[in-house]
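J.: starting from these lines, generate the structure:
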Amino acid sequence: MTDIAGLPFWQLTFDADGDLDAAGAQAVIDEIGGREVTDLIVFSHGWNNSQETARRLYDAWFTTLAGQLGQARAEPPVRLGLVGVLWPSQRWSDEPIPDFQAAPVAASDSGAAALSEQSASTVASPAVDRETLAGLKETFPDGAAHLDRIAKLLAGEPSATAIIELKKEMGAFAVATKVDDAGDGDSEPGAAATGTPRMLGDEPKELFDRYATALREVGVVGDQRGGEAGLGDRFSKLWNGAKEALRQLTYFQMKNRAGVVGRTGLGPFLGRLAAARPELGVHLVGHSFGARLVSYALAGLPDGKPSPVRSLTLLQGAFSHFAFADSLPFDAQRKGGLAGMLTRVQGPVTVCFSEHDDAVGRFYPLASITAGDDSAGAEDQFYRWGGMGHDGAQAVGAKLDSLQEPGPQATYRFADNAVLNIDCSDTVKNGGAPSGAHSDIVHPELTWLVLKAGKIVP
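T.: Here you go, the predicted model:
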């Protein structure tokens, strides 16, 4: 145990199968009592490229939150504890993320986080840089050989033959790294069992061209139109799209892994914690794939036992916006993978989204859109395969509020066992291509929202 801004902080470390570091888990259970913790905030990162990056996020986010505890409720008194979840995921090193810093608590400048962008100079290159390749091989050891062959192809000259070979290797990587995931309403029947996204059903040119177009739309690569560019330029455009397809393929596998870690790892641990500390209130917070992880922890709680979860807050969630739906709007006979789980949250489920999140709003659905869907309009396809971080939870009767300035004047329409979607677009708006504002989450407005949802502040 260490402290962050004077608050006790523990780390929970999981492997890819959801197995938990036993010593760390027992330390949380044993030490919470000694610190007389009444409320425990459990936060899971999304992708990251090291434990150090995840810890910087936790330091910044929890330091911002700690600065607001002077307004915590007096009765019953709050003694807050913090947990940071660590699990194996991999950010591509060419993808800019905020340089996490604690945000100013004062609301004089709308509480905007102090963010600086890392360089994205290599995003437009079709080659996979060494740091990213090494990290991906460590994250997906069963697919290491396929990743080496993919990287070699992307470093070479694009051609019709190479494009076909590249798509073949991507399919082999998906099979080799298959995750045993139950799905969350964002895949067709049987897709979860194969562990592969629907995009791999397309022909290479169709697949890579779709991603190349998306990269052009966000300004990563220049506009190379058929009549204005030669054959080599058009192949080069497809090569950029191929690299982006690989990025999204690895993210798809990480998304599936997050569900496994939540359901088989974090959920059972929270059950043990509740049995040992039944008076403790747990507040779950997740960012990106981490939002899926903490959501699937609800499914891993022991059946027939009271849930310790008092609130659930999802920050730019990178998983299906139909996950909690009892009936899917496009197929009434099917439901989301977390249907019925809202009852396992004693308080509200708060879903934060932003129109500036290109990772979820633009690139996330492309993993599931295929050429065979052309009979449907593009807008309909993006809604069909959309994610939480783009427009909130759907088909759950959710209310909608806007993110407000932190402080006692902030009022939200929270309800127990129900979803409240929060439009954060005016605050969560900073970030470079291709992800946009996906990781712009260190804001006092968001930390206050978690405290408010958990009734830690009045």
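J.: the stretch 251-400 of the chain: strands as residue ranges?
T.: Here the stretch 251-400 of the chain has its strands, by DSSP state E, counting those that start in this stretch, at 281-287, 309-315, 349-353, 399-402.
J.: okay if I get the ones you listed as CSV plus mean neighbour count?
T.: For glycine as for every other residue, the C-beta is placed from the backbone atoms N, C-alpha and C. Below are these laid out as CSV (neighbours: other CB atoms under 10 Å):
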stretch, mean neighbour count
strand 281-287, 27
strand 309-315, 27
strand 349-353, 29
strand 399-402, 14
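J.: wait, which of these is closest to Gly436?
T.: If you check each of these against Gly436 by CB to CB, strand 349-353 wins as the nearest, at 12.2 Å.
J.: what does the closest one contact?
T.: 311-317, 324, 342, 360, 388-393, 398, 403, 412, 414, 417-425, 428, 446, 449-450, 453 (CB atoms under 8 Å, 6 or more residues apart in numbering).
J.: are any of these buried, and which?
T.: 311-317, 324, 342, 360, 388-393, 398, 403, 412, 414, 418-424, 428, 446, 449-450, 453 (16 or more other CB atoms under 10 Å).
J.: out of those residues, list just those in helices.
T.: Within the buried ones among the contacts of strand 349-353, residues falling in helices by DSSP state H are 388-391, 446, 449-450, 453.
J.: quick one, helices of the stretch 1-150 of the chain?
T.: Ranges of helices within the stretch 1-150 of the chain are 22-34, 51-66, 130-139, 144-155, based on DSSP state H, counting those that start in this stretch.
J.: again with the stretch 151-300 of the chain
T.: Under DSSP H, counting those that start in this stretch, the stretch 151-300 of the chain gives helices at 160-176, 191-194, 204-217, 231-261, 267-276, 289-299.
J.: distance of Gly84 relative to Leu342?
T.: Using CB to CB, to the nearest Å, Gly84 is found at 25 Å from Leu342.
J.: apologies, that question was intended for Val85.
T.: 21 Å.
J.: with Gln26 instead?
T.: For Gln26, the distance to Leu342 (CB to CB) stands at 30 Å.
J.: could you do Gly336 as well?
T.: 11 Å.
J.: give me the residue at the spatial middle of the protein.
T.: Ser288 (1.4 Å; CA atoms, centre = their mean).
J.: that one reaches Gly317, doesn't it?
T.: Yes - here Ser288 reaches Gly317: they are 7.0 Å apart, a contact under CB atoms under 8 Å.
J.: give the residues shared as contacts by these two.
T.: In contact with both Ser288 and Gly317: Gly389, using CB under 8 Å, 6+ apart.
J.: okay, now the unreliable bits of this protein?
T.: In the predicted model, the chain carries pLDDT under 70 at residues 49, 94-100, 103-123, 180-195, 222-234, 373-379.
J.: quick check, Arg210 in contact with Ala367.
T.: No - counting by CB under 8 Å, Arg210 stays clear of Ala367, with 10.2 Å between them.
J.: shared neighbours, the two?
T.: Met199.
J.: between the two, who's got more neighbours?
T.: Ala367 (22 against 18; other CB atoms under 10 Å).
J.: for the more buried one, give its distance to Thr213.
T.: Distance from Ala367 to Thr213, by CB to CB: 15 Å.
J.: and Arg198, by the same measure?
T.: For Arg198, the distance to Thr213 - CB to CB - is 18 Å.
J.: so those two - more neighbours on which side?
T.: Shown here are Arg198 and Thr213; by other CB under 10 Å, Arg198 has more neighbours (20 against 14).
J.: Ile369 is in contact with the more buried one, correct?
T.: Yes - the pair Arg198 / Ile369 is scored as a contact, 7.4 Å apart, by CB under 8 Å.
J.: for the nearest residue to Ser288 once chain neighbours are set aside, list the residues it contacts.
T.: Sequence neighbours aside, Gly46 is the residue nearest to Ser288 in space, at 2.4 Å (criterion: CB to CB, 6 or more residues apart in numbering). Shown in contact with Gly46 (CB under 8 Å, 6+ apart): 89, 258, 286-291, 316, 318, 439.
J.: again, only this time at 10 Å
T.: The contact partners of Gly46, taken as CB atoms under 10 Å, 6 or more residues apart in numbering, are 54, 57, 87, 89, 91, 97, 251, 254-255, 258, 286-293, 315-318, 359, 389, 438-439, 441.
J.: need the contact list for the residue nearest to Ala151 when sequence neighbours are not counted.
T.: Distances taken as CB to CB, 6+ apart place Val128 nearest to Ala151, at 4.4 Å, with adjacent residues excluded. Counting by CB under 10 Å, 6+ apart, Val128 touches 92-94, 122, 136, 147-148, 150-155, 243, 246-247.
J.: give the contact list for Trp92.
T.: 47, 49, 122-123, 128-129, 131-133, 135-136, 243-244, 246-247, 250-251, 434-435.
J.: if we can go back for a sec, mean neighbour count and distance to Leu40 added to the helices of the stretch 1-150 of the chain, as a markdown table?
T.: Formatted as a markdown table, the helices of the stretch 1-150 of the chain follow (neighbours: other CB atoms under 10 Å; distance: least, CB to CB, whole Å):
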| stretch | mean neighbour count | distance to Leu40 |
| --- | --- | --- |
| helix 22-34 | 14 | 7 |
| helix 51-66 | 21 | 12 |
| helix 130-139 | 18 | 28 |
| helix 144-155 | 18 | 37 |
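J.: quick one: the residue nearest to Ala151 from Arg198, how far?
T.: 23 Å.
J.: for Asp30, same thing?
T.: From Asp30 across to Arg198, the span is 46 Å (CB to CB).
J.: now do Gln71
T.: 47 Å.
J.: do the same with Leu301
T.: Where Arg198 is concerned, Leu301 sits at a distance of 30 Å (CB to CB).
J.: so Leu7 makes contact with Arg35?
T.: Yes - between Leu7 and Arg35 there is a contact at 9.1 Å, judged by CB atoms under 10 Å.
J.: and for these two, which residues touch both?
T.: 79-81.
J.: let's have those residues in TSV, adding distance to Val42.
T.: Formatted as TSV, those follow (distance: CB to CB, whole Å):
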residue	distance to Val42
Arg79	16
Leu80	12
Gly81	9
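J.: ok so, going back, show me what contacts the residue nearest to the centre of the chain?
T.: Neighbours of Ser288 in contact, by CB under 10 Å, 6+ apart: 44-48, 89, 91, 251, 254-255, 258, 314-319, 357, 359-360, 364, 387-389, 435, 438-439, 441.
J.: quick revisit: point out the most buried one among the helices of the stretch 151-300 of the chain.
T.: helix 289-299 (a mean of 28; mean count of other CB atoms under 10 Å).
J.: compute the inter-axis angle for it and helix 231-261.
T.: Interaxial angle of helix 289-299 relative to helix 231-261 (axes from the mean of the first three to the mean of the last three CA atoms, to 10 degrees): 30 degrees.
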